[in-house]
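**Q** Could you look at this predicted model? Sequence included:
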Number of protein chains: 4
Amino acid sequence: MLVAVIGDGFCSSETAQLAEEVGRQLAESGAVVICGGLGGVMEAACRGARGAGGLTIGVLPGRSRQDANPYVDIPIVTGMGEARNVIVVSSAQSVIAVSGGYGTLSEIAHALKLGIPVVGLGSWQLSKDGWDKQVGITVATGAADAVRNALALAKA
Amino acid sequence: MLVAVIGDGFCSSETAQLAEEVGRQLAESGAVVICGGLGGVMEAACRGARGAGGLTIGVLPGRSRQDANPYVDIPIVTGMGEARNVIVVSSAQSVIAVSGGYGTLSEIAHALKLGIPVVGLGSWQLSKDGWDKQVGITVATGAADAVRNALALAKA
Amino acid sequence: MLVAVIGDGFCSSETAQLAEEVGRQLAESGAVVICGGLGGVMEAACRGARGAGGLTIGVLPGRSRQDANPYVDIPIVTGMGEARNVIVVSSAQSVIAVSGGYGTLSEIAHALKLGIPVVGLGSWQLSKDGWDKQVGITVATGAADAVRNALALAKA
Amino acid sequence: MLVAVIGDGFCSSETAQLAEEVGRQLAESGAVVICGGLGGVMEAACRGARGAGGLTIGVLPGRSRQDANPYVDIPIVTGMGEARNVIVVSSAQSVIAVSGGYGTLSEIAHALKLGIPVVGLGSWQLSKDGWDKQVGITVATGAADAVRNALALAKA
């Protein structure tokens, strides 16, 4: 099972704690964590997963494997900037968004377009005339609920 | 001036009329239209621009230039799937979103992340705790208003 | 007709003259020139095409349209680094390689893989055990011969 | 240590045996194998690595993780077609090319452009006027020699 954790490269310590707990519980469930490989939410999720003995993949936007946070086991170096966001979510069987800005929003949108389930923790609310409110995102109440949903909804 | 028009590959005739009018007015203002090169909003915008003597660029997700709608002058063939959305907006000096689904949402998010102004016509409403409502998108009242805003806000 | 001219971002004045002549003759034949948008061979080809009233497209590796050489009419901003090489050749109906280093070699290889004809002017010689010598590249004797071949071989 | 093994998606049984031996010896040396994730050389290298208890990463060109050969542990789904070749080599600390066609040639060229060492086993011979013959590729005499060179030359 491969689950993406997405969110800002810089975040509050509260958000980082949440992301670390998500990473830890994913690893304890035997899931591999994939993320954008940088700081903030990505680093916290990798730290949590690594602490629980899990494997972590970081899909980097830049050209150097040295850009990866210290808890990434396998850095994937794309050199493709924002386009790497597509790879993070396409590679995942489900996605957990922890807060996040516009980059995270692009990942949520790509995932929903590709039919990959997205679970949100304090992340974006989306709406559009003629669509249901909170389109496409499963809102979770905490780290445990997010991980449970991400594993239950994961596509084959 | 290079302006992106983004939206669904399939759309209602009302939305198509709006997109065509946007394309026409962009071309009349001397702007080149760039889009995803397929049908729906993309085709309508190109048809409008072409009808007014404008130049149109279509950045295609697939591997064949034959995928372009008949009003694309210059098909750019990426073979990169969803990642081509990044190119559509990065190449533009401003973006007009006409309605649109998840793919359009990903383009809006990439544009905002990259600091490229986005004008919306019946498109997504975004919100997030602690952010202002309708984050980052300038809402337009019609085709003329959208084009006026897109030209006024365009980055160098 | 859309023809790619590929080669180094830095080149000798002899190579630049050759590329400029290729660009000029392509434009005189009514072809649009597509290239990587930077200096050297790319700039010379665009200068030649522009001087003959042609249209030029530059597919840039970086994130800024300001990176384009001054003879690019339409800068396509990819932010995808080396991966933009794939787009340069996939978008073309045939490719003319003027000298060139490893980046050019990658474009030649991508073109041949995708079935897009490649004409070489002082460019790479390729061989492999069990393959014919000068695999896949049509060697031209000068600018006029290169343009003639690129137009004759161009795919639909 | 992350080493790429590149080569054709379809290959002779001799080439497959060579690739499998390369994969096996890489895993025995503690290296992780990264490849394009499909059949032929890629599958043989993964089978070899997996048989020796190693970890394997497959960077897929298509949109489905189901495209991966059965010996890939971590499928990275790019949906980016040929552009995924850039990611295979950028992510590696060195590259071993086992025979191979135009796609492999594009990977060799991208690697050399990015300064990533390439070791060849019956792969392409490159030359260019004014460059040394067999530019940039270290020719190996067999699987053991290829692995030894790839580990010795690997960049940090």
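**A** That came in fine, so what should we check first? Numbers count the residues shown, from 1 in each chain, chains lettered A, B, ... in the order given.
**Q** hang on, A:V33 packs against A:G54?
**A** Yes - using Cβ atoms under 8 Å, A:V33 is in contact with A:G54, at 6.1 Å. (Glycine included, C-beta is placed from N, CA and C.)
**Q** and those two? which has more neighbours close in?
**A** Neighbours were counted for A:V33 and for A:G54 using other Cβ atoms under 10 Å in any protein chain shown; A:V33 has more, 30 against 23.
**Q** Assign a three-state SS to the more buried one, would you?
**A** strand (DSSP: H, G, I helix; E, B strand; the rest coil).
**Q** what separates the closest residue to A:D67 other than its chain neighbours from A:L153, distance-wise?
**A** For A:D67, ignoring the flanking residues on the chain, the nearest one in space by Cβ to Cβ, 6 or more residues apart in numbering or on different chains is A:L60 at 5.1 Å. Applying Cβ to Cβ, to the nearest Å, the value for A:L60 to A:L153 is 27 Å.
**Q** anything in contact with each of A:V33 and A:G54?
**A** A:23, A:26-27 (Cβ atoms under 8 Å, 6 or more residues apart in numbering or on different chains).
**Q** max-length helix in chain A?
**A** With secondary structure taken from DSSP state H, chain A has its longest helix at helix A:13-28.
**Q** What residues does chain A have near chain C?
**A** A:63, A:78-83 (Cβ under 8 Å from any Cβ of the partner chain).
**Q** Quickly run through the sheet partners of the one helix or strand in chain A whose mean pLDDT sits lowest, with directions.
**A** For chain A, counting by mean pLDDT, DSSP states H and E, strand A:125-127 ranks last in confidence among helices and strands (a mean of 81). For strand A:125-127, the paired strands and their directions (DSSP bridges) read strand B:125-127 (antiparallel).
**Q** What residues sit buried inside the partner strand?
**A** Within strand B:125-127, the residues scored as buried using 16 or more other Cβ atoms under 10 Å in any protein chain shown are B:125-126.
**Q** I'd like the next helix or strand past it.
**A** strand B:137-139 (DSSP states H and E).
**Q** what ranges do the helices span in chain A?
**A** Going by DSSP H, chain A shows helices at A:13-28, A:40-51, A:84-90, A:102-114, A:143-153.
**Q** Any regions of chain A where pLDDT drops low?
**A** In the predicted model of chain A, residues A:129-135 satisfy pLDDT under 70.
**Q** So which of the shared contacts of A:V33 and A:G54 is surrounded by the most neighbours?
**A** Result: A:G23 is most packed of these (other Cβ under 10 Å), 34 neighbours.
**Q** ok, it - contacts?
**A** Applying Cβ under 8 Å, 6+ apart to A:G23 gives the contacts A:5, A:33, A:44-52, A:54, A:56.
**Q** Of those residues, just the buried ones, PyMOL syntax please.
**A** Restricted to buried positions by 16+ other Cβ under 10 Å, the PyMOL selection for these reads:
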select buried, chain A and resi 5+33+44+45+46+47+48+49+50+54+56
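**Q** and which of the contacts of A:G23 is nearest to B:A92?
**A** Ranked by distance to B:A92 (Cβ to Cβ), those are led by A:V5 at 30.6 Å.
**Q** How about the residues of chain A by chain B?
**A** So far as Cβ under 8 Å from any Cβ goes, chain A lies against chain B at A:80-83, A:85-87, A:90, A:99, A:101-103, A:105-106, A:108-110, A:112-114, A:122-129, A:136.
**Q** And for the residue nearest to A:D67, the neighbour number?
**A** By other Cβ under 10 Å, 26 other residues sit near A:L60.
**Q** likewise the one 10 residues further on?
**A** Counted with other Cβ under 10 Å, residues neighbouring A:P70 total 8.
**Q** wait, what's in contact with the closest residue to it other than its chain neighbours?
**A** Nearest residue to A:P70, sequence neighbours excluded (Cβ to Cβ, 6+ apart): A:E43, at 7.8 Å. By Cβ under 8 Å, 6+ apart, the contact set of A:E43 is A:16, A:69-71.
**Q** Equivalent analysis for A:G9, please.
**A** Counted by Cβ under 8 Å, 6+ apart, A:G9 has contacts A:36, A:38-42, A:103.
**Q** gap between it and A:V41?
**A** For A:G9 relative to A:V41 (Cβ to Cβ), the value is 8 Å.
**Q** cool, A:A146 as well?
**A** 12 Å.
**Q** Same check on A:G7?
**A** For A:G7, the distance to A:V41 equals 3 Å [Cβ to Cβ].
**Q** Overlap in contacts, those two.
**A** Common neighbours of A:G7 and A:V41 (criterion: Cβ under 8 Å, 6+ apart): A:15, A:19, A:98-100.
**Q** Show me which of those residues are buried.
**A** A:15, A:19, A:98-100.
**Q** Which two of those have the greatest separation?
**A** Among these, A:A19 and A:G100 lie farthest apart (Cβ to Cβ), at 10.2 Å.
**Q** Can you pull the residues that touch both of the two?
**A** Joint contacts of A:A19 and A:G100 (Cβ under 8 Å, 6+ apart) are A:7, A:41.
**Q** before we move on, the earlier item: list only those of the residues of chain A next to chain C flagged as buried.
**A** The neighbour-count test (16+ other Cβ under 10 Å) applied to the residues of chain A next to chain C identifies A:78-83 as buried.
**Q** Make TSV out of the residues you listed and add distance to B:S94.
**A** As requested, those are exported to TSV (distance: Cβ to Cβ, whole Å):
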residue	distance to B:S94
A:T78	27
A:G79	27
A:M80	23
A:G81	20
A:E82	17
A:A83	20
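**Q** hang on, the earlier thing: with distance to C:G142 as added columns, please give the helices of chain A in a markdown table.
**A** Formatted as a markdown table, the helices of chain A follow (distance: least, Cβ to Cβ, whole Å):
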| stretch | distance to C:G142 |
| --- | --- |
| helix A:13-28 | 61 |
| helix A:40-51 | 53 |
| helix A:84-90 | 42 |
| helix A:102-114 | 47 |
| helix A:143-153 | 61 |
